[in-house]
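A.B. asks: could you look at this predicted model? Sequence included:
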Number of protein chains: 2
Amino acid sequence: MGTYEWQSDVWDAMGDPTRRAIMERLAEHPSPVGELAEQLPVSRPAVSQHLKVLKETGLVSDETVGTRRVYRLNPVGVQALRDQLDMFWNRALANYESVVEEKAEEKEEK
Amino acid sequence: MGTYEWQSDVWDAMGDPTRRAIMERLAEHPSPVGELAEQLPVSRPAVSQHLKVLKETGLVSDETVGTRRVYRLNPVGVQALRDQLDMFWNRALANYESVVEEKAEEKEEK
DNA sequence: CGGCACCGTAAGTGCTAGCTTACTGTTCGT
DNA sequence: ACGAACAGTAAGCTAGCACTTACGGTGCCG
């Protein structure tokens, strides 16, 4: 807690399967809303609402070109997820190693 | 199948705020269910249900010691998240660089 | 053995959020 | 300028899920 702002919104955003599907499409290449909706089993407004969430969390950015809006992945948001995930990763390893040490101690005591 | 049937379930698991709180606690150190419930604003059965989900997705592992069950982070599950996230990360960078290239081309055309 | 501590499961409930349809707002082409 | 294409917003409905209480099961200790 404290000064370290916990961006839980980013995890919430990735928690929805449709939004993850959108992220996968955008990982291929930047796309306008209509093109995304065609490749997904939901309506265009639904996609639009999901993109709003993804944009608010900083996972995607948009650019208006002509009458359409092209969305693309935002490296900043993705990096934020990586940072938090690395914390879990490091500590998961620490936990695992402590288990190994305990097992080793058990053997030594024999 | 079997070992690798998750993938998307892992994100769903991390989508819930309470489960993320549990993951934070387990990142500190392994804990039994009751201890986790004391530090959270939900009942013990609720924690138990969440732990079930986290275990099914491979994010945590449990060990029965006496009458209690000690849960800890599972490096394998956390690693699964990291792998998928890295895919987004690499492609997000590719998208960004393509934008930079386009901007550069625009300047050259002038 | 009997009571206790710890935990998982069952059953039921309330609320969130994702979806749809309908509407409004821009921008481009003719 | 008018219609078409593209997209965001509003309102409403529904399904899923996170939570609760109640219960059943297992290992520990006096």
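C.D. replies: Everything's here; your move.
A.B. asks: show me what contacts residue A:31?
C.D. replies: By CB atoms under 8 Å, 6 or more residues apart in numbering or on different chains, the contact set of residue A:31 is A:25, A:70-71. In short, each C-beta sits where N, CA and C put it, glycine included.
A.B. asks: my read: residue A:77 touches residue A:59, true?
C.D. replies: Yes. Using CB atoms under 8 Å, residue A:77 is in contact with residue A:59, at 3.8 Å.
A.B. asks: shared neighbours of the two, anything?
C.D. replies: Taking CB under 8 Å, 6+ apart as the criterion, residue A:77 and residue A:59 both touch residue A:10.
A.B. asks: mind giving me the packing neighbours of the host helix or strand of residue A:84?
C.D. replies: Secondary structure assignment for residue A:84, by DSSP states H and E: helix A:75-108. Contacting helix A:75-108 under the criterion 3 or more CB pairs under 8 Å, 6 or more residues apart in numbering or on different chains; DSSP states H and E are the following elements: helix A:8-14, helix B:17-28, strand B:68-73, helix B:75-109.
A.B. asks: can you redo the ones you listed as CSV with mean neighbour count and mean pLDDT?
C.D. replies: Shown next, in CSV, are the helices and strands packed on helix A:75-108 (neighbours: other CB atoms under 10 Å in any protein chain shown; pLDDT from 0 to 100):
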stretch, mean neighbour count, mean pLDDT
helix A:8-14, 19, 89
helix B:17-28, 19, 96
strand B:68-73, 19, 97
helix B:75-109, 15, 78
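A.B. asks: can you tell me which of these comes nearest to DNA strand D?
C.D. replies: Of all those, helix B:17-28 sits nearest to DNA strand D, with 3.8 Å by CB to the nearest atom of the strand.
A.B. asks: chain A against DNA strand D: which residues are in contact?
C.D. replies: A:32-35, A:44-45, A:48-49, A:51-52, A:62, A:67-69 (CB under 7 Å from any atom of the strand).
A.B. asks: number of nearby residues for residue A:47?
C.D. replies: Residues contacting residue A:47 under the criterion other CB atoms under 10 Å in any protein chain shown number 24.
A.B. asks: for the residue lying closest to it once chain neighbours are set aside, give me its contacts.
C.D. replies: The shortest distance from residue A:47 to any non-neighbouring residue, by CB to CB, 6 or more residues apart in numbering or on different chains, is to residue A:37 (4.6 Å). By CB under 8 Å, 6+ apart, the contact set of residue A:37 is A:43-44, A:46-47.
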